[in-house]
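J.: Sequence first, then the predicted structure:
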Amino acid sequence: MLMQQDNISQNRFSIQALCNILQPVLGTELMVVDQSLIALAGTGPYEKNVGSRRPLESYVDVSLKSGESFQINAPRETEQCLRCEFRRHCIYTSVISCPLLYRDQTVGLFGFLGYDGTQQKMMKDKTLFLAGLAENMAKYIVNSFFTHELFYSDFVSSSGMNNIVNSIEVGIIITDTKDNIVNINQFAEKMLNSNRKECLGKKIDMFGRELEIDGAFPKLNTKRNTHQSKYVAKANLILYKDQPVGKVLRLQNNENRRPSSKIYSFNKIEIKPRIIGISKPILKLKKIITKIAVNDSRILITGDTGTGKELIARLIHYDSPRHLGPFVALNCGALPETLIESELFGYEKGAFTDAKKAGKVGKFELADKGTIFLDEIGNLSLTGQAKILRILDNNILEKIGGTTPIEIDIRLISATNKDLPQMIKKGLFLEDLYYRLNVVQLVAPPLRERKPDIPLLLDFFIKENNLRFSGNLKGFTNEAMVYLLHFQWDGNVRELKNVAEYACNVKNSGLAGLDDLPPYMFQSMNILEKNVQRIINTENLMVEEAIRIFGNSTTGKQKAAKYLGISLSTLYRRLTAKSTKEKRSYTDST
């Protein structure tokens, strides 16, 4: 581990520059600590700690020893805080951290910090996002800085850095000392109606009146009118070894300008995909994903609507060697016939009437060095299928109006809820394309086949919505849970997620009951009144399944009770009642 420790120490200036880039964008402070409790990098008030040892028995110390992440919204009040040697001098208001793991060993810690009420509120509102980003940052730091010395110029425009800035839902532009653009994220591209490849290496003033820059580019501001610019950005210096190496810009709407009628809506990017469940179909699926993620074979994911096919694709990408590259998802069913080719392959400037002056990068080119996910491939027209088949022959694309072939390096994952072999027989799907897509087939199991996962999924969705709505819903009553377990779930996990969100809207504390479920769930029949014995049997099956999963030991029963949402004493009563019934049945039969 000595070699890795030396490498991370050598890279401390690059890590500090990385923190300097992200701090003005996120609004939180950042810290990086090595395995010896020495602060390697930090921003804001934490920067004064760089080079010093952090407190013993602090959360940092505990996390390094245990390899676990932690989140603190009330510092100085937790049990662990009371043991910290610096507890009387603690000035943090919030902490979200993630360990740096290298070959299953904890070699450091990355974290976000809050020092005032504003940062505390922001970190509380964005806990899920920041926790996910902390995991992504920890993984990036290990992959980039633990194997060799890496200078600022090496990482600032790398695919890994691009992946990081693309996961932050604001427009970000990074320049060098000569005001040339060295990185721009997808949100800034969208806001400024541009594309990354054409921006890199160009001066920041290429955007003209679209972008007003505050302060750091005086030569560019002499003829600007802030009332005309769509967006404004404050330029913050990036220091490397105490010398300026560039600037980072965070774009925002210009409040001095009349509001634009155009609304930009950016989908959230999942940092670390997570498939929740312990049922046999899910455990089998996870095992297969672990095996196939490391290779580059094409994958076809089949399954009903709402079973999480895109989530599976994202997890495969995250666990693959391409995880630092882009993940580009495309809904094939939403592609108009006239736009198929331009969306898939892009076009050169002036390729046709109404074409953008700068041209357009297609989805396949955007996915270069990463993964492209073609969802609802069964809804794509035969024309579109033929165009995809063409690029799969040799991984070479040609833009509309282009004369130079572009070689791309992608992994292709597709998904459908259609029966493609039947569509082939009816002439609705190209047989050749089917066999090119269907190298490895995965089946996303429907919720009806993974009933043991329903309590776990509901618990996850409730916690997620409690954060969104500042609620404190604890779960569902036994009566409601049994009803949920018997429901058909034609919409699968997506429908279950909606039901959990509905419950969090109508009840924000305690346990949600039958009255807190959506009315449409009761239109067919009242299961509770007509199937009493079936409900009792279901409760027994739930107990049996929990004991099978967690074991019959005292610890296993404690975990089983927590999983079922009941007290340990209630679990023992149900086990005793079940045992008594079985003995009576045996006596009657003999």
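T.: Received the coordinates, thanks.

J.: from here on, contacts and neighbour counts on C-alpha atoms
T.: Fine.

J.: which residues sit against the helix or strand in which Asn136 is found?
T.: For Asn136, the element it lies in under DSSP states H and E is helix 127-145. By Cα atoms under 8 Å, 6 or more residues apart in numbering, the residues outside helix 127-145 that reach it are 7-8, 11, 15, 96-102, 109-112, 123, 150, 155, 160, 164, 167, 270-272, 464, 467.

J.: And these, which of them are buried?
T.: 7-8, 11, 15, 96-101, 109-112, 123, 150, 155, 160, 164, 167, 271-272, 464 (16 or more other Cα atoms under 10 Å).

J.: can I get the CA coordinates of the helix or strand just after the helix holding Asn136 in PDB?
T.: Per DSSP H and E, the first helix or strand lying C-terminal to helix 127-145 is helix 152-155. What follows is helix 152-155, C-alpha atoms only, in PDB (Å, rounded to 0.1, in the frame of the first residue of the first chain):
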ATOM      1  CA  TYR A 152      -3.700  19.000 -13.600                       C
ATOM      2  CA  SER A 153      -3.500  19.100 -17.400                       C
ATOM      3  CA  ASP A 154      -3.900  15.300 -17.600                       C
ATOM      4  CA  PHE A 155      -7.200  15.100 -15.600                       C
END
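
J.: elements contacting the next helix or strand after helix 152-155?
T.: Per DSSP H and E, the first helix or strand lying C-terminal to helix 152-155 is helix 159-166. Contact analysis of helix 159-166 by 3 or more Cα pairs under 8 Å, 6 or more residues apart in numbering; DSSP states H and E lists helix 127-145, strand 181-184 as its packing neighbours.

J.: Would you mind finding the most buried of those?
T.: Of all these, strand 181-184 carries the top mean neighbour count, a mean of 24, counting by mean count of other Cα atoms under 10 Å.

J.: and that one, which strands flank it?
T.: Sheet pairing here is set by DSSP bridges, and for strand 181-184 it gives strand 171-176 (antiparallel).

J.: And the contacts of the strand it pairs with?
T.: Against strand 171-176 from outside (Cα under 8 Å, 6+ apart): 25, 165, 181-189, 191, 204, 245-252.

J.: 7 Å - rerun?
T.: With Cα atoms under 7 Å, 6 or more residues apart in numbering as the contact definition, strand 171-176 has outside contacts at 181-185, 187-188, 245-251.

J.: same question, stretch 183-202
T.: Contacts of stretch 183-202 (Cα under 7 Å, 6+ apart): 157, 162, 165-166, 169-175, 180-182.

J.: try stretch 462-473
T.: Stretch 462-473 has contacts (Cα under 7 Å, 6+ apart) with Asp125, Ala500, Glu501, Cys504, Lys507, Asn508, Ser509, Gly510, Leu511.

J.: Which helix or strand contains the fourth one?
T.: Just to be clear, that refers to Cys504. Here Cys504 is assigned to helix 492-506, by DSSP H and E.

J.: where do the strands sit along the stretch 151-300 of the chain?
T.: 171-176, 181-184, 211-214, 231-240, 243-253, 299-302 (DSSP state E, counting those that start in this stretch).

J.: Quick check: which of those strands is nearest to Pro452?
T.: The minimum distance between Pro452 and the strands of the stretch 151-300 of the chain falls on strand 299-302, with 21.5 Å, by Cα to Cα.

J.: which residues of the protein score low on pLDDT?
T.: 1-7, 74-89, 214-229, 254-272, 349-358, 524-541, 565, 577-590 (pLDDT under 70).

J.: can you give me phi and psi for Ser553?
T.: phi -70, psi 170 (degrees, to the nearest 10).
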